[in-house]
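Engineer: Attaching a predicted model along with its sequence, questions to come.
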Amino acid sequence: MAVKNAFYAQSGGPTAVINASACAVIETARAHPDKIGKVFAGRNGIVGALTEDLIDTSLESPADIARLRTTPGAAFGSCRYKLKSIEEHRAQYERLIEVCRAHDIGYFFYNGGNDSMDTAWKVSQLSEKMGHPLICVGVPKTVDNDLPLTDCCPGFGSVAKYVATSIREAGLDVASMARTSTKIFVLEVMGRHAGWITAACGLASGSGADSGQPPHILLFPEVPFDEAAFLARVQQCVDRYDYCTIAVSEGLKTADGKFVSEQGGKDAFGHSQLGGAGQWIAQLIKDKLGHKYHWALADYLQRAARHIASKTDADQAYALGKAAVELAVAGRNAVMPTVQRLADAPYRWEVGVAELKDVANVERKMPADFISADGFHITDKCRAYLAPLIEGEDYPPYRHGLPDYVSLKNIAVPRQLGEFKV
């Protein structure tokens, strides 16, 4: 294959380490000048490809690209935009191929989660049929940890470390005032259908649910909410410890399958917009048991907290970005590099490979044996799985007491085509 340029884009919610994958993609591509010319990044994800809004990463210095490794957010802009089926909107795919042809792009790297892997899969299948073959490789990323065929997803380990730390610290705060003030603290974390982030909060309780350490109760989307059992457990904790801390997934559902926090709207992917599960739980406790409460929404803080990123997570994010390019230059198409666990303690892992067709739109939920029999905490098996993923510190450089993050120039590639509306 002649030297071709590469397209790279970031999709969906950013993570603390998605830019580590970007760094790896660009650095590894630069190490293969015999195969890859320039790396063009899509400004705001796949939208940048459709609108021909491309960033020339060759104009960024090696030093600034290296600093991406410790910078949170999505350095080139991300998006929530899902390509429709070719039957619904052939013009999108024709435009995508037209842009790739105009800029001599032969490699397509898409860094995201379930929907992003679906996009990469579709592009890999249709590009050859549409007259411009592309080698498409997915780069996994999602704080939700719900991609199949990989032991874990880059982005999750750092969120896990953040929420476990936060609820441990908040628990100490509540415990110190519980006799005369707040007795209930609720932390709402991300997780629409899979409770991995909620489970990670459970690491803060040390030896387990019976240790008395916060969090005392975990509420997973995989476990239908039982109001009576929940309130009984809350009161039991207050009676025993004088306070109760709770971690709840945004995707908590009632027995009839409805989200307790559904707002009625939809996002760009057609998913229900969620928010307020933590407040709903806290108010329920106040109304039914009368306890004073505080609640917090981790929201963007949990996925942006590069200052407390897991070293394991940062290393894996870089390794999978590097592997994606190496797979592409070796001619592997429609694949995604994965993390394969070799051992828990000491933790060992290696890079594997999965087919995009087996990953696209498949969601991995918490296994039943990771959730305690009563549905309110994690098991030792879950703890053994999670513990290595938050190990190690990988602090960013600091300047004047604050993390010193890079801002790229993000200079646009001159457009060669007409306007395209998305």
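Structural biologist: That came in fine, so what should we check first?
Engineer: Double-check Val362 against Pro148; I have them as touching.
Structural biologist: Yes: under the criterion of CB atoms under 8 Å, Val362 makes contact with Pro148 at 4.6 Å. The way it works is simple: take the backbone N, C-alpha and C, and place the C-beta from them, glycine included.
Engineer: any residues in contact with both of those two?
Structural biologist: Between them, Val362 and Pro148 have no joint contacts when contacts are counted by CB atoms under 8 Å, 6 or more residues apart in numbering.
Engineer: how about the helices in the stretch 201-350 of the chain?
Structural biologist: Secondary structure of the stretch 201-350 of the chain by DSSP state H, counting those that start in this stretch: the helices cover 227-241, 277-289, 299-304, 311-329.
Engineer: To Ser58, which of the ones you listed lies closest?
Structural biologist: Smallest distance to Ser58 across these (CB to CB): 14.9 Å, for helix 311-329.
Engineer: just checking, what packs against that closest one?
Structural biologist: Helix 311-329 is packed against helix 18-30, strand 105-112, strand 135-140, helix 156-177, strand 335-343, strand 348-355, with contacts defined by 3 or more CB pairs under 8 Å, 6 or more residues apart in numbering; DSSP states H and E.
Engineer: Let's have the ones you listed in a markdown table, adding distance to Ala368.
Structural biologist: Listed next are the helices and strands packed on helix 311-329 as a markdown table, based on distance: least, CB to CB, whole Å:
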| stretch | distance to Ala368 |
| --- | --- |
| helix 18-30 | 30 |
| strand 105-112 | 28 |
| strand 135-140 | 24 |
| helix 156-177 | 20 |
| strand 335-343 | 19 |
| strand 348-355 | 23 |
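Engineer: Return the most buried member of the ones you listed.
Structural biologist: strand 135-140 (a mean of 29; mean count of other CB atoms under 10 Å).
Engineer: counting contacts, what elements does that strand pack onto?
Structural biologist: strand 105-112, helix 114-127, helix 311-329, strand 335-343, helix 356-359.
Engineer: Need the residues that contact that strand.
Structural biologist: Contacts of strand 135-140 (CB under 8 Å, 6+ apart): 21, 25, 106-113, 116-117, 120-121, 123-124, 127, 147, 150, 153-154, 320-321, 324-325, 327-328, 331-338, 356, 359.
Engineer: could you give the angle of it to strand 335-343?
Structural biologist: Inter-element angle recorded for strand 135-140 and strand 335-343: 40 degrees (by axes from the mean of the first three to the mean of the last three CA atoms, to 10 degrees).
Engineer: got the angle for strand 135-140 vs strand 348-355?
Structural biologist: Using the same axes, to 10 degrees: strand 135-140 against strand 348-355 is 140 degrees.
Engineer: Give the rounded mean pLDDT of strand 135-140.
Structural biologist: For strand 135-140, the mean pLDDT works out to 98.
Engineer: Measure how that strand sits relative to strand 105-112, angle-wise.
Structural biologist: With the same axes, to 10 degrees applied, the angle from strand 135-140 to strand 105-112 works out at 20 degrees.
Engineer: can you give me how far strand 135-140 is from the chain middle?
Structural biologist: With CA atoms, centre = their mean, to the nearest Å as the basis, strand 135-140 stands 16 Å off its chain's centre.
Engineer: Give me the three-state assignment for the residue in the chain sticking out farthest from the centre.
Structural biologist: Distance from the C-alpha centroid of the chain, by CA atoms, centre = their mean, peaks at Thr180 (39.0 Å). State at Thr180, reduced to three classes by DSSP: H, G, I helix; E, B strand; the rest coil: coil.
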